[in-house]
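Asks: sequence plus the predicted model coming up.
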Amino acid sequence: MAQRAKRDDPPTPDPGTKLRGRALGIDIGGSGVKAALVDLATGELASERIREKTPHPATPDAVAAVTASVVARTLQGTRVGKGLAVGCGLPGVIKDGRLQTTANIDPTWLDISAEEVIGAAIDRPVLAINDADAAGIAEVTYGAARGEMGTVLVLTIGTGIGSALFIDGRLVPNTELGHLELHGKDAETRVSGASRERRTIGWKRWSLEFDEYLDRMEAYLWPDLIILGGGVSKEMARFEKSLTSRAPVRPAIHLNAAGIIGAAYAAASAAPSAGPARSASPARSASPARSASARPAGPSAAAMEAKTSPAQPS
C-alpha cells in the first residue's frame, strides 16, 4: 500500500475547543497590515488594534518590516512572554507555512515560508494561515456562525473575495472560491468590494451580479448558512434584499477584526491538547483532531503557553 502523503495544511482547532489566556493575531491584507492581542476566552481584542498600510510592492522584506513595526506597537507597554502564540493570516493558499498563490500580494511571496519571514521579523514563532480561513474560524468560534452545524460558507468581500468552508464546525482549508469563473472572469474581479469601486457601479447593479455568484456557491456546495464578512458586510442594508439564496445570509460579527481573532485562536490551538486551558465541547468533538506533529515545532511551542497559562496581565 502506498504511503499516505504528509498533510501540510495549517493545523486547525477541533470544533468547540475552548481556550483561555491571550494570543497575538496578525492580518496581512492587500491594503493593510493589522495586529492585536486577543482574549482567547471571549474572542474580544485585548489591546488596541494597530494598522499600517501594506507596502507597495508588497515584497516579503517590505511586508516583514511593516509587520515588525505593527507588532512592536501592539505589544508596547504589555507584559507578554516569549511563549506568546502568534498567528498570521495572509491572502493566499498556505501549505507547510508557505504561500502557494499570490493573487492579492506580491508574486515574490510564491513558495516563500511566511512563517520564517514573519517569525524572523518579530523574533517569535508564527503560525501562517489563509486570511479568509482565519476570519471564518473567528466567526465559527466566536461570531455569527457559533454553534452552527452542517455546511457553513464564510465569504470575506474586500480587496478580493476570500472563502472559508466548514462542515460541522471543521474547516476545509484553503478553498479559493473567489477565483471561480463568473462571466468569463475570476469572480473577485467582478464582485469584490474593490471591484465595485473600480467599476464605479452602484449597489443595485453590484448586488445582482453578486447574487449570481451566490447562486454558483449554492449549486456547488449547498450551504446551510452563508456569512458575509469583509468591508462590504458593513453595507448589507444596501443590498440584502437583492439576495435570493436558499441558505440564510448573515453579516459577520467581527468584521475587520475577524482575521486577527481567527489567526490568534488557530495559533493558540496548534499545540497538542494539554492542560486545563483547553477543552473541547463533547457535542462537537467526535472527529479526531488533526495532529500538529506534522508541522514544525516552533508554533506549537509558542501555542503551549497560551493554553496552559492563565491570562497574562495587560
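Replies: Structure's in. What do you need?

Asks: what are the ranges of the strands in the stretch 1-150 of the chain?
Replies: 22-28, 32-39, 50-53, 86-90, 94-95, 98-99, 127-130 (DSSP state E, counting those that start in this stretch).

Asks: which helix or strand in this protein has the lowest average pLDDT?
Replies: The helix or strand of the chain with the poorest confidence is helix 297-308; it has a mean of 41 (mean pLDDT, DSSP states H and E).

Asks: poorly predicted segments of the stretch 201-314 of the chain, please.
Replies: Filtered on pLDDT under 70, the stretch 201-314 of the chain yields the residue ranges 271-314.

Asks: redo that, cut-off 90
Replies: Residues of the stretch 201-314 of the chain that meet the criterion pLDDT under 90 lie in 230-234, 255-256, 270-314.

Asks: what segments of it are helices?
Replies: 203-221, 236-239, 258-268, 297-308 (DSSP state H, counting those that start in this stretch).

Asks: so which of these is the most packed in?
Replies: Most buried of the helices of the stretch 201-314 of the chain, by mean neighbour count (mean count of other Cβ atoms under 10 Å): helix 258-268, with a mean of 33. The way it works is simple: take the backbone N, C-alpha and C, and place the C-beta from them, glycine included.

Asks: how far does that one sit from the chain's center?
Replies: 7 Å (Cα atoms, centre = their mean, to the nearest Å).

Asks: strand 22-28 and that helix, what's the angle between them?
Replies: Orientation check (axes from the mean of the first three to the mean of the last three Cα atoms, to 10 degrees): helix 258-268 against strand 22-28 gives 130 degrees.

Asks: and helix 258-268 with strand 32-39, angle?
Replies: 50 degrees.

Asks: on that earlier part again, now for the helices of the stretch 201-314 of the chain, which one comes closest to Arg250?
Replies: Each of those has some distance to Arg250 by Cβ to Cβ; the shortest is helix 236-239, at 8.8 Å.

Asks: show me what that closest one is packed up against.
Replies: Helices and strands touching helix 236-239, as assessed by 3 or more Cβ pairs under 8 Å, 6 or more residues apart in numbering; DSSP states H and E, comprise helix 203-221.

Asks: that older thread, take the strands of the stretch 1-150 of the chain and lay them out in JSON lines including distance to Pro13, mean neighbour count and mean pLDDT.
Replies: Output for the strands of the stretch 1-150 of the chain, formatted as JSON lines (distance: least, Cβ to Cβ, whole Å; neighbours: other Cβ atoms under 10 Å; pLDDT from 0 to 100):
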{"stretch": "strand 22-28", "distance to Pro13": "12", "mean neighbour count": "29", "mean pLDDT": "97"}
{"stretch": "strand 32-39", "distance to Pro13": "14", "mean neighbour count": "24", "mean pLDDT": "97"}
{"stretch": "strand 50-53", "distance to Pro13": "25", "mean neighbour count": "15", "mean pLDDT": "97"}
{"stretch": "strand 86-90", "distance to Pro13": "11", "mean neighbour count": "31", "mean pLDDT": "97"}
{"stretch": "strand 94-95", "distance to Pro13": "16", "mean neighbour count": "22", "mean pLDDT": "95"}
{"stretch": "strand 98-99", "distance to Pro13": "21", "mean neighbour count": "22", "mean pLDDT": "95"}
{"stretch": "strand 127-130", "distance to Pro13": "11", "mean neighbour count": "32", "mean pLDDT": "96"}
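
Asks: would you list those in TSV and tack on distance to Asp9?
Replies: What follows is these, written out as TSV (distance: least, Cβ to Cβ, whole Å):
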stretch	distance to Asp9
strand 22-28	19
strand 32-39	22
strand 50-53	28
strand 86-90	14
strand 94-95	7
strand 98-99	12
strand 127-130	9
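
Asks: got the helices of the stretch 201-314 of the chain as JSON lines, with distance to Leu75 columns?
Replies: Conversion of the helices of the stretch 201-314 of the chain to JSON lines gives the following (distance: least, Cβ to Cβ, whole Å):
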{"stretch": "helix 203-221", "distance to Leu75": "39"}
{"stretch": "helix 236-239", "distance to Leu75": "34"}
{"stretch": "helix 258-268", "distance to Leu75": "13"}
{"stretch": "helix 297-308", "distance to Leu75": "14"}
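
Asks: Arg20: which of those helices is closest?
Replies: helix 297-308 (7.9 Å).

Asks: coming back round to it: go through the helices of the stretch 201-314 of the chain and name the closest to Val80.
Replies: So among these, helix 297-308 is nearest, using Cβ to Cβ, at 9.3 Å.
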